[in-house]
Every structure is written in structure tokens, then in C-alpha cells.
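>>> I need the structure of the sequence given here:
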Amino acid sequence: MVSIIVVHQWKDEQKDKVMTFASTITNLAKQKKLPQGLNLIEIHLAKNANVAVCKWEADSLQHLLSVASSLKPEWQISAYEVNKIY
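The predicted structure follows:
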């Protein structure tokens with residue numbers, strides 16, 4: 001498994017779609033219904049900015065991106081495989 005950070009950035013008019021997306025993913029995680037190989041660890045929503053950061057554990061970055069793209073997000077998403085150094 002690899003650790004992944006996903007950064008979501010959106011425009012004001014996209015906020016409702018982003019929040020629906022986040023709610024769907026959160027509910028799937030709580031119900032343990034995410035696809036095998038994906039584990040949502042944390043979601044952080046920035047105050048006064050259209051930015052959210054999610055931490056995942058996944059079998060691969062490509063798998064996570066493939067599943068995310070199937071949900072057809074319309075905002076900017078950047079994902080990075082990360083190593084904890086502190």
C-alpha cells in the first residue's frame with residue numbers, strides 16, 4: 001500500500017458538486033464500501049478557500065485516480081504519492 005495526498009481545488013460555482021462528491025466518498029468510507037485497495041484516512045477542508053486535502057492509502061496511485069475519474073469530477077484534482085518524513 002502507498003500513502004497518497006489528493007488536493008481538490010474548485011471555483012465558487014462548483015462548491016455544491018464538490019460537497020456532494022465529498023459526502024458520497026465519506027459515506028462509502030464509513031460504510032466500508034470503497035473499492036478494494038482504497039482506504040480514505042482523512043479529509044481536510046480549508047477555511048476561506050476552495051481547497052480540500054484528502055489522505056488515502058491505496059494499492060497504487062493509478063488505481064485511486066482511475067476510481068476518482070469514474071466519478072467525473074469537474075474541478076482540479078492533483079494527487080501525489082507521499083512518504084512521511086516527520
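>>> Return the distance of the longest helix belonging to the chain from the chain's centre.
Across the chain, the longest stretch assigned as helix under DSSP state H is helix 15-30. Relative to the centre of its chain, helix 15-30 is centred 9 Å away, using CA atoms, centre = their mean, to the nearest Å.
>>> same for it, what does it pack against?
strand 38-45, strand 51-58 (3 or more CB pairs under 8 Å, 6 or more residues apart in numbering; DSSP states H and E). For every residue, glycine as well, the C-beta is placed using N, CA and C.
>>> and A49, how far is that from K17?
A49 sits 17 Å away from K17, going by CB to CB, to the nearest Å.
>>> hang on, I meant L40
19 Å.
>>> Those two - which one has more neighbours?
L40 (18 against 14; other CB atoms under 10 Å).
>>> show me the contacts for the more buried one.
Counting by CB atoms under 8 Å, 6 or more residues apart in numbering, L40 makes contact with I25, T26, A29, L34, C54, K55, W56.
>>> The fourth one - how many residues pack around it?
Same thing as L34. Neighbour tally, L34, other CB under 10 Å: 16.
>>> same check, this time on the second one
Burial of T26 is recorded as 13 neighbouring residues (other CB under 10 Å).
>>> Kindly report the same for the third one.
Other residues within reach of A29 by the criterion other CB under 10 Å amount to 16.
>>> That one and I43, how far apart?
Taken as CB to CB, the span from A29 to I43 is 9 Å.
>>> Wait, G37 touches H63, no?
Yes: counting by CB atoms under 8 Å, G37 touches H63, with 5.6 Å between them.
>>> mind checking the SS state of E13?
helix (DSSP: H, G, I helix; E, B strand; the rest coil).
>>> Now do the same for it: its pLDDT.
On pLDDT, E13 comes in at 96.
>>> Give me the neighbour count for it.
Count around E13 with other CB under 10 Å applied: 7.
>>> before we move on, what about N27?
Neighbour tally, N27, other CB under 10 Å: 10.
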